[in-house]
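with the sequence up front, the predicted model follows.
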Amino acid sequence: MGWKIRERGEELYHHVYAWGNNRHPVFKDSSHYREYLSLLESISQEKTIDIIAYALMEWHVHLFIYDLKNTIADFMMSLHGEYAQFFNRVCQQTGHVFGERYNNKIVANSVYGTWLSRYIHRQAVEAGITDDPTSYLWTSYNRYLNKEQHGFVKCPIIMESFGPEKDRIPQYINFVMGNDEGPVDWGHRILKIRSREYFIRALAEEFAVETTVLTAPRGWQEKTLRRKAAMLLKTKYGLSINETARILGITPGTISKFNVE
């Protein structure tokens, strides 16, 4: 069976993840995590890759990267090749460290990137390791909160979407620690927004109304509420006018009149 064709190109954002060979650990000691981060910093700079966020877990890794010059293949080959040599040497073993070629998904919109950073920074929480993501040392979360200095992590691209600078850290903490799973379909090959039904349910819950108030409003008050819903799809979820129109079942021209650009 042939390998799948990679999604590649210049100026693309990627969610990259890879598991240990036969689901064996890829990190067995704190020095292993530190070595991987050292390689991540040096090789990303060499290959013109920006690191937006990362999570290093015992059995797998998650990277959120920006590939400026279509060097993702060389970047991952060098990163995991050099780390495998280190790991085998210090653990006195041979063979593959990562069990397969890395997986990558295109991050197609800025809103997906924001939610991807949350997904990555919650890895230790979702794994049941901790309830507080700041206590897990091997993600970029503490760098986002200015508690660690990893200069190669490009936090501003995410943090700038959380309002004025003085408010960004508390806003981001609330975002990461909230219960909303977000609009992204993490199982899709290219990260996509969830279904129309997902957003209608989320909006109905947000405004404490029946879904029909949003899909078939009657009267001035309900139409005003639908306008507020359109605003929320823009400000909270970062959806475009066309995406908002599809979800609410109205024309993009009507959305434009709501002044949600």
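Now that the structure is in, tell me what you want to look at.

how many residues are close by T254?
For T254, the neighbour count with other CB atoms under 10 Å is 15. Glycine gets a C-beta too; all of them are placed from N, C-alpha and C.

quickly note the distance from it to L63.
Per CB to CB, to the nearest Å, T254 is found 40 Å from L63.

equivalent analysis for L137, please.
Taken as CB to CB, the span from L137 to L63 is 17 Å.

where do the helices sit along this protein?
30-46, 72-91, 110-121, 123-126, 141-144, 156-159, 165-177, 196-207, 211-215, 219-235, 241-248, 252-257 (DSSP state H).

would you turn those helices into a markdown table with mean pLDDT?
What follows is the helices of the chain, written out as a markdown table (pLDDT from 0 to 100):
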| stretch | mean pLDDT |
| --- | --- |
| helix 30-46 | 96 |
| helix 72-91 | 93 |
| helix 110-121 | 88 |
| helix 123-126 | 93 |
| helix 141-144 | 95 |
| helix 156-159 | 92 |
| helix 165-177 | 93 |
| helix 196-207 | 84 |
| helix 211-215 | 87 |
| helix 219-235 | 86 |
| helix 241-248 | 82 |
| helix 252-257 | 80 |
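
what's the closest of these to H24?
Nearest to H24, of all the helices of the chain, is helix 72-91, at 10.5 Å by CB to CB.

in the closest one, what's buried?
By 16 or more other CB atoms under 10 Å, the buried positions in helix 72-91 come out as 72, 75-76, 78-80, 82-84, 86-87.

give me the helices and strands touching that helix, please.
strand 12-19, helix 30-46, strand 60-67 (3 or more CB pairs under 8 Å, 6 or more residues apart in numbering; DSSP states H and E).

mind listing what the last one pairs with, with the direction of each?
What that stands for is strand 60-67. strand 12-19 (antiparallel), strand 49-56 (antiparallel) (DSSP bridges).

format the ones you listed as a markdown table; extra columns: mean pLDDT and distance to E160.
Converted to a markdown table, the strands paired with strand 60-67 look like this (pLDDT from 0 to 100; distance: least, CB to CB, whole Å):
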| stretch | mean pLDDT | distance to E160 |
| --- | --- | --- |
| strand 12-19 | 91 | 15 |
| strand 49-56 | 97 | 12 |
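
deepest of those, which one?
strand 49-56 (a mean of 23; mean count of other CB atoms under 10 Å).

ok, the buried residues of helix 72-91 vs T212, which is closest?
Nearest member of the buried residues of helix 72-91 to T212, counting by CB to CB, is I72, at 45.6 Å.

separation between R227 and M76?
Distance from R227 to M76, by CB to CB: 45 Å.

next: G182.
Taking CB to CB, one finds G182 at 26 Å from M76.

same deal with R246?
R246 is 35 Å from M76, by CB to CB.

S30: what's it in contact with?
For S30, the contact set (CB atoms under 8 Å, 6 or more residues apart in numbering) comprises L137.

could you count how many residues lie near the closest residue to G20 other than its chain neighbours?
In space, not counting the residues next to it along the chain, G20 is nearest to V26; the distance is 4.2 Å by CB to CB, 6 or more residues apart in numbering. A total of 25 residues lie near V26 under the criterion other CB under 10 Å.

for V26, give me its contacts.
Counting by CB under 8 Å, 6+ apart, V26 has contacts 19-20, 32, 58-61, 87, 97-98.

quick check on those residues: which are buried?
19-20, 32, 60-61, 87, 97-98.
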